[in-house]
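Colleague: Turn this into a structure:
(chains A and B)
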Amino acid sequence: QVQLVQSGAEVKKPGASVKVSCKASAYTFTGYFMHWVRQAPGQGLEWMGRINPNSGGTDYAQKFQGRVTMTRDTSISTAYMELSRLRSDDTAVYYCARDSGYCSSTSCPLDYWGQGTLVTVSS
Amino acid sequence: DIQMTQSPPTLSASVGDRVTITCRASQSISRWLAWYQQRPGKAPKLLIYDASSLESGVPSRFGGSGSGTEFTLTISSLQPDDFATYYCQHYNSYSGTFGQGTKVEI
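Modeller: Numbers count the residues shown, from 1 in each chain, chains lettered A, B, ... in the order given. Sure, this is the predicted structure:
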């Protein structure tokens, strides 16, 4: 069955960067966009961006432009999300999630999700 | 960017109740709307896509309707497993904004 397994929790200081990984299995990694969504403690879901694992092309939410970089390594079916210049309000659980096949002309809802990675930003 | 507004933020209900959650888009998104359920400490789960299509394995007590800018998620008879937070999300453009969520509590 499709699985997305994310890297473990991280504690970072303000101003540092964090890189979270998401290893996919049981499907063709290059066939589906991978999205990143975060959730601050007690808050709602926030879409950060997506990567096309086939081409490496990315789309980022305006809020994160210039601070987020999404990459992938197709040889190991793994997507990465790196967030730089961390602030305390970046403390959140970060999820990777896969496009479903039910798409509009531009995007799709998300059918498989990773287990989440808690990133804590604290001095 | 398209903004998504859910109401109510919190909903108190009992087992067996029929509940309805509303999601409004700031501009027309045709039928490109999904609903998710999130239980505490867990990742979201896709329930509904294309505004009204039930994801495989999701119980038939969940239903979605709407198009354009106004959408609803209905749970016909609330079960104990359904106490959770529900989010809508549009996918009319590449940036898939979520609603703020509706917590369904006892």
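
Colleague: For the host helix or strand of A:Val119, the averaged confidence score.
Modeller: Here A:Val119, judged by DSSP states H and E, is contained in strand A:117-121. Averaged across strand A:117-121, pLDDT comes to 98.

Colleague: Surely B:Leu47 is in contact with B:Trp35?
Modeller: Yes: under the criterion of CB atoms under 8 Å, B:Leu47 makes contact with B:Trp35 at 4.7 Å. The way it works is simple: take the backbone N, C-alpha and C, and place the C-beta from them, glycine included.

Colleague: Overlap of the contact sets of these two?
Modeller: B:62, B:64, B:73, B:86 (CB atoms under 8 Å, 6 or more residues apart in numbering or on different chains).

Colleague: Show me the two of those residues that sit farthest apart.
Modeller: Maximum pairwise distance among those (CB to CB): 10.7 Å, between B:Gly64 and B:Tyr86.

Colleague: what do these two both touch?
Modeller: Taking CB under 8 Å, 6+ apart as the criterion, B:Gly64 and B:Tyr86 both touch B:35, B:47, B:73.

Colleague: Among those residues, which ones are in strands?
Modeller: Among those, the ones falling in strands (DSSP state E) are B:35, B:47, B:73.

Colleague: Provide a list of residues in contact with the last one.
Modeller: What it means is B:Leu73. Taking CB under 8 Å, 6+ apart, we find B:Leu73 in contact with B:20-21, B:23, B:35, B:47-48, B:62-64, B:86, B:88.
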